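Q: predicted coordinates and the sequence they were generated for:
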Amino acid sequence: MKAIILAAGKGSHLRPFSDTRPQPMIGVAGRTILDNSLELLNCSGINDIFVVVGHKRDKLIDALREHDHDGLNIHYVEQKQNRGIGNAVMQVKSKISPGEYFLLLYGDILTADNIFSKIQQSFHAFKCPVASICLPPSNEQFGNVFLNAQMEITKIIEKPKSNNLGNYVLAGVFVLPASFFQLLESSGASMEKALKKMVAGDGLRASMWEDEWLDVVHPWEILTANKMIMDSWEESSIAKTATLEANVTLQGIVKIEADVLIKAGAVIEGPCSIGRGSYIGNNSLIRSYTSLGKNCEVGSGVELKNCVVMDDTQIGRLSFIGDSVLGENVDIGSGCMTVNRTIDWKPITVKNGKRISTGMSKLGAFIGDGVVVGAGNMIQPGTVVHSGEIIPACYSVTHK
Amino acid sequence: MCGISGVVGLKDVSQLLFEGIRNLEYRGYDSCGVALMNKTRLIIKKDIGGVEGFYRKHDVLQQKSNIGIAHTRWATHGKVTKGNTHPFTSRDGNFAVVHNGIISNYRPLRDQLKKEGYKFSSDTDTEVIAHLLEKFFKKSRNPEKALLKTLNLIEGTFALAFICTYLPGHIFCAKRESPLMLGIGDEIKFVGSDFNAFIDHTKNAVILDDGEYAILSRDSYVVKSILNEEEVTKPITKIEWDSETSKKGGYPHYMLKEIYEQPQTISNALDLEPSGLDDVVEMFEKAESSYFLGVGTTFYVAKYAQYIFSELAQRFIPPISSDEFLSLANVNKKTLVFAMSQSGETFDTLSALKFSQSKGAKTAAVVNVMGSSIARMVDKVILQGSGPEICVISTKAALSQMVVLTLLAMKLGLKKKVISKKAYQENLKSLKELPAIIQGVLNERSGFIHRIANKYCKNKNWLYLGRGIYYPIALESALKMKEVAYVHAEGMPAGFLKHGTLAMIDDDISSIVFVPPKEKKDLYQSTIHSIEEIRARSGFVLGIHFTEQGKNHDLFSEELILPNVPPLIAPLIQLVIGQLFAYFTATSLKRNIDKPRFLAKSVTVG
């Protein structure tokens, strides 16, 4: 079976990180959401993959070229204009022959266990179109499905306004027939309408997904995703070429890649992952749920806690980064602090376009790619710093 | 629905056939049989009952054969008898056939064959296939041609397989509308209703399409079209998962599948032949004393029955746990003992029934498995028709039994003029709404129950409280929690609290209260009082109540609001919530849902 991954959307809720990359290129637990999906697809027996690219496509294509995805045939199809999900699916029409079934997957969906194996099992049991469904933390953002006892979806209610539905929702993973393209064409390329037509016509069965599932929509959900994947880890791995100096303490599950250098006195409390070629300075404290990308530099005496740091980022000495996400190529000066709670412990709001309450009482900052933060800055909880911004150092004593 | 399995290989295949039909038992397990071949002689073994017992009883594994076909049956029409069990042989004993599906024109075919001197040993449609094969083989001396002639004659649906003594190393099979696929191994080939039949031995499958037939031998196979006999090139499908998961369809666990099947099984219960129920009602009417008998879940079904018979028929019938029956019951010739059992093999219930019969008591039962020991031994049996229940935890069978007992109580009440004809009709109407309401609750409430279960899955102690008929609902819901989530849960009448139990209320104990609808004024009020008693001591209360009460965060720490429903079916809806709460708690705690520790599907030991 062929798989289609939708990776063309802008994902504007995920700013600042989506400004510079397609949504599935967000890194969690040491690799991107896309890498995670590709590996699960491969394990489920799918190796012909069509990725619909658009927004920041070069970043995705370059990254996949660099990666070694053994046994996967990856093809790219471009969606030239951002005209929605249905239109993205239509781009692949010519790649699917009549009568053929294909697996469709929304690129921002993350699961730890293999949702693709599960839906293929269901497909083989039903021999007809199938949609994965799951129970999300809240129902408002999704397509709520109604089922009968034969697991046929009888109705879909998109994004209900009132909060009185506790239904299973569409999980963004489908097995669909080639005839679905005709439904899309006759529905003005609206995914929602085409699915509704399918429900009313030939029928759509459900495959229940009972394990963890996440649609990464907002930047703080990157932390949730990171935790979800790390919680599924079962064993540590330390590359042969990693160097750990004297008195380095490792606790819990840690993944340390090739050419990492950890200086004397550092403490790593798992689950943590440290990407290829990264440097951890003396006496640093890397606490649980920290994911450090490739070629990062962490100065001496730094404390990291529950944070995702993407590739090539530097964190200067004696800084604290907690409950935060840092993009690529970020330069944090020495002695910076992401303050991660308010004095009254109230849930933290994030202003990203509009102001949204995250419901989390501990949350740090979201710092886009290429940001420079000068030494000595204290960053307010829930702050979003857009890509490329430069924040001057913060001195209390100057020579003027 | 039936299961077919066939193997041809180098070595002895008895064990593989055994595994094959055992893995297909979910498609039916009323009776089963195999056909093997010793040199050029067919060996046929068949019997009623499940696969394991059949193999043990008949020493089938001792038979040496490198080819064989097997069948496991779930009777939908026709009785569960040895005679009706597959495989069927032709008159001369040279063809053995297994079949899944329905031959719609078998009557005229059978009449014709009878005229030609063929004798029939069963009531089934399948037997005509065996005789037709023999008849056409005589003309052509070619089994493939005989198969094609036969297929051209029969109408209806089929997945069939046969072996014959004329070509001893070959299995012939064909498909129209019923499922059939081939398993392709080195020096071994399989045929099966689905890949569960062979997935432990090969992951390479060829899925037959309608109108195709295939001939398998140890080292080759060919698929052809029935229409033009031309060979069809079929792709090999690689199966990449284990056999256990594929049987569940879209569901993660059998338990959830069976919870979702409840609207259907309740409809089945409501469609039961009225005369069968009336006979049992008459038995209740005639008996001077009666007992309800059950153990585990079915004891709680029996307790529910006690309340519903009291309410609708004004009859006091004590429920007795089967294992305590000998100590408690006084039975004589004028006693009726009415048992509930899913499997019909429950040892304790069986013993209690035997004891009652030895004292001359009348016996009756509601049972799910046709042909089971209890179904055969009682004077009158109601087969509830809920289909195979695979999860060890009973859900759909128990709820359907409650519906059957509600029907019985209504009928008895009507007969004794306790309830009017009008009230009877209204109750019947309410019951008929039940499947759709449960479907709605499953659709629209699952997420809320999931969230609550996720949030409180670490709570170590639960009190399950209810008053009146909600008390057995509390008991059964608590048992689900204990069985599947291994969490301490205690069912109790809410009125018990103030007689001592309140002393336990603290941070470590949480309560679930099944609140009746407001129409049940007294019951509702007294339930609310009990909740207030817990809340006054800062206890945690999860309230399961109905919409008309509105949101009530002051009264409950957490609440689950159900749509308004007729009072008769309100407790049954709440039981579904109890089932789901236990299920989601167990998934949050990563329990082994379908096979919880220390529990067997039918407890056949004393």
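A: Arrived safely.

Q: mind giving me the domain split of the chain?
A: Reading this off chain A. The record's domain parsing of chain A by automatic domain parsing lists A:2-218, A:231-391.

Q: wrong chain, I was asking about chain B
A: Annotated domains of chain B cover B:2-246, B:248-419, B:441-606 [automatic domain parsing].

Q: quick one: check the shortest one for contact with chain A.
A: This points to domain B:441-606. Yes - when contact is scored as C-beta under 8 Å from any C-beta of the partner chain, part of domain B:441-606 falls within range of chain A: B:Leu442, B:Asn443, B:Glu444, B:Arg445, B:Ser446, B:Gly447, B:Phe448, B:Ile449, B:His450, B:Arg451, B:Thr587. Glycine gets a C-beta too; all of them are placed from N, C-alpha and C.

Q: what's near enough to touch the last one?
A: Translated: B:Thr587. Contact analysis of B:Thr587 by C-beta atoms under 8 Å, 6 or more residues apart in numbering or on different chains lists A:Glu210, B:Pro252, B:His253, B:Ala453, B:Ile593.

Q: can you list those residues in TSV and add pLDDT?
A: Putting the contacts of B:Thr587 into TSV (pLDDT from 0 to 100) gives the following:
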residue	pLDDT
A:Glu210	87
B:Pro252	86
B:His253	89
B:Ala453	93
B:Ile593	80
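
Q: between these, which is nearest B:Ser90?
A: Nearest to B:Ser90 among the contacts of B:Thr587: B:His253, at 43.5 Å, using C-beta to C-beta.

Q: next, count neighbours for the spatially closest residue to that closest one that is not a sequence neighbour.
A: Using C-beta to C-beta, 6 or more residues apart in numbering or on different chains and skipping residues adjacent in sequence, the residue nearest B:His253 is B:Ile593, 4.2 Å away. Neighbour count for B:Ile593, taken as other C-beta atoms under 10 Å in any protein chain shown: 21.

Q: thought B:Ile593 was touching B:Ala582?
A: No - at 9.9 Å, B:Ile593 does not count as touching B:Ala582 under the criterion of C-beta atoms under 8 Å.

Q: list residues touching both of these two?
A: Common neighbours of B:Ile593 and B:Ala582 (C-beta under 8 Å, 6+ apart) are B:Ile393, B:Val484.

Q: give me every residue that touches the residue of the stretch 301-400 of chain A found nearest chain B.
A: Residue nearest to chain B within the stretch 301-400 of chain A: A:Gly359 (13.4 Å; C-beta to the nearest C-beta). Listed by C-beta under 8 Å, 6+ apart, the contact set of A:Gly359 reads A:Pro347.

Q: what does A:Lys2 give?
A: Taking C-beta under 8 Å, 6+ apart, we find A:Lys2 in contact with A:Ile46, A:Asp48, A:Ile49, A:Phe50, A:Lys95, A:Ile96, A:Glu100, A:Phe102, A:Leu103.

Q: which residue in those has the weakest pLDDT?
A: Ranked by pLDDT, these bottom out at A:Glu100, which scores 72.

Q: setting aside sequence neighbours, what's the nearest residue to it?
A: That would be A:Ala178: by C-beta to C-beta, 6+ apart, it lies 5.0 Å from A:Glu100.

Q: likewise B:Leu113?
A: Nearest one to B:Leu113, counting by C-beta to C-beta, 6+ apart, is B:His131 at 5.1 Å.

Q: would the one you found count as being in a strand?
A: No - read with DSSP: H, G, I helix; E, B strand; the rest coil, B:His131 is helix and lies in no strand.

Q: how about the residues of domain B:441-606 next to chain A in TSV, adding distance to B:Ser275 and pLDDT?
A: As requested, the residues of domain B:441-606 next to chain A are exported to TSV (distance: C-beta to C-beta, whole Å; pLDDT from 0 to 100):
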residue	distance to B:Ser275	pLDDT
B:Leu442	32	93
B:Asn443	35	91
B:Glu444	38	89
B:Arg445	37	91
B:Ser446	38	91
B:Gly447	43	89
B:Phe448	42	91
B:Ile449	39	93
B:His450	43	92
B:Arg451	47	90
B:Thr587	43	91
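
Q: could you dump the domains of chain A into a markdown table with distance to B:Glu261 added?
A: A markdown table is the format used below for those (distance: least, C-beta to C-beta, whole Å):
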| stretch | distance to B:Glu261 |
| --- | --- |
| domain A:2-218 | 5 |
| domain A:231-391 | 31 |
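
Q: what's the least confident stretch among those domains?
A: Lowest mean pLDDT of these: domain A:2-218, a mean of 85.

Q: helix or strand for B:Phe309, which one?
A: Following DSSP states H and E, the helix or strand that holds B:Phe309 is helix B:297-313.

Q: show me how far that helix is from its chain's centre.
A: Centroid displacement of helix B:297-313 relative to its chain, using C-alpha atoms, centre = their mean, to the nearest Å, is 22 Å.

Q: CA-only coordinates of the host helix or strand of B:Val576 in CSV, if you can.
A: Per DSSP H and E: B:Val576 is located in helix B:570-588. Extracted as CSV, the C-alpha positions of helix B:570-588 are listed here (Å, rounded to 0.1, in the frame of the first residue of the first chain):
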residue,chain,number,x,y,z
ALA,B,570,-32.2,4.0,33.2
PRO,B,571,-30.3,1.4,35.3
LEU,B,572,-29.3,-0.5,32.1
ILE,B,573,-27.9,2.7,30.6
GLN,B,574,-25.9,3.3,33.7
LEU,B,575,-24.5,-0.2,33.6
VAL,B,576,-23.0,0.7,30.2
ILE,B,577,-21.3,3.7,31.8
GLY,B,578,-20.0,1.3,34.6
GLN,B,579,-18.6,-1.0,31.9
LEU,B,580,-16.9,1.9,30.0
PHE,B,581,-15.5,3.4,33.2
ALA,B,582,-13.8,0.1,34.1
TYR,B,583,-12.6,-0.3,30.6
PHE,B,584,-11.0,3.1,30.3
THR,B,585,-9.5,2.9,33.8
ALA,B,586,-7.9,-0.4,32.7
THR,B,587,-6.5,1.0,29.5
SER,B,588,-5.1,4.0,31.4
